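In: Quick one: sequence plus predicted model below, questions after.
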Amino acid sequence: MRQDPAEQPPAARRPTVAAVLSLALATAVSPTAWAGGDPAKGADVYDKCIACHSPSLNRIGPRHQGVVGRTAGGLTDFAYSPALKKAGFVWDEARLDQWLTNPEKLVPGNRMGFRLQDPAQRADVIAYLKTLK
Ligand code: HEC
């Protein structure tokens, strides 16, 4: 999360302790780093997904329109792996963050061979997915 320097008290404007602290904080809260992603940046991150996905069309991976709030493996017109089909949860920000971090850990036996290592990129792309209604 970025703060406008103009909104901060003068002491915080020095690029010292405040910057280091916010970095440490960002690391400390990384399990929930998806909160506060930027959908506009996420649209750029989504370039990494379009090799296999599209918002509105099933491709190698299922379409993403409405994915937030959708049951995992829940589209009836996409041939999911048996593993994802019986995953039995609904996609929310936390699940998506886990999925993009390591799909194999969340749903062993799934077929998505892709990971997004950068927590900020995950947060941004999840914020973007939320706009695909
Ligand atoms: C190399 C191809 C590939 C890339 C790149 C890829 N995916 Fe996937 N994705 C898949 C496949 C294949 C599945 C279906 C997996 C299964 O059935 O086990 C999938 C499934 C998913 C699902 C589950 C959807 C549902 O209907 O349950 C989500 C969410 C998802 N991908 C998000 C992403 C995002 C976001 C990105 C980019 C940051 C991405 N994927 C990049 C191939 C890919």
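Out: The structure has been received and is ready for your questions.

In: need the next SSE after the helix or strand of the chain with the lowest mean pLDDT, C-terminal direction.
Out: None of the helices or strands of the chain scores lower by mean pLDDT, DSSP states H and E than helix 17-28, at a mean of 51. Using DSSP states H and E, the helix or strand that follows helix 17-28 in sequence is helix 39-45.

In: For that following helix, which helices and strands make contact with it?
Out: helix 119-131 (3 or more Cβ pairs under 8 Å, 6 or more residues apart in numbering; DSSP states H and E). The C-beta positions use only the backbone N, C-alpha and C, and glycine is treated the same way.

In: and this structure, what are its domains?
Out: Following automatic domain parsing, one gets these domains for the chain: 1-32, 33-131.

In: need the ones you listed in JSON lines with mean neighbour count and distance to the ligand, can you?
Out: Shown next, in JSON lines, are those (neighbours: other Cβ atoms under 10 Å; distance: least, Cβ to the nearest ligand atom, whole Å):
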{"stretch": "domain 1-32", "mean neighbour count": "10", "distance to the ligand": "17"}
{"stretch": "domain 33-131", "mean neighbour count": "16", "distance to the ligand": "3"}
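
In: weakest of those in terms of mean pLDDT?
Out: Ranked by mean pLDDT, those end with domain 1-32 at the bottom, a mean of 53.

In: Same question for the closest residue to residue 72 other than its chain neighbours, what's its three-state structure.
Out: Nearest non-adjacent residue to residue 72, counting by Cβ to Cβ, 6 or more residues apart in numbering: residue 87, 4.2 Å away. Following DSSP: H, G, I helix; E, B strand; the rest coil, the label given to residue 87 is coil.

In: Great, nothing more from me.
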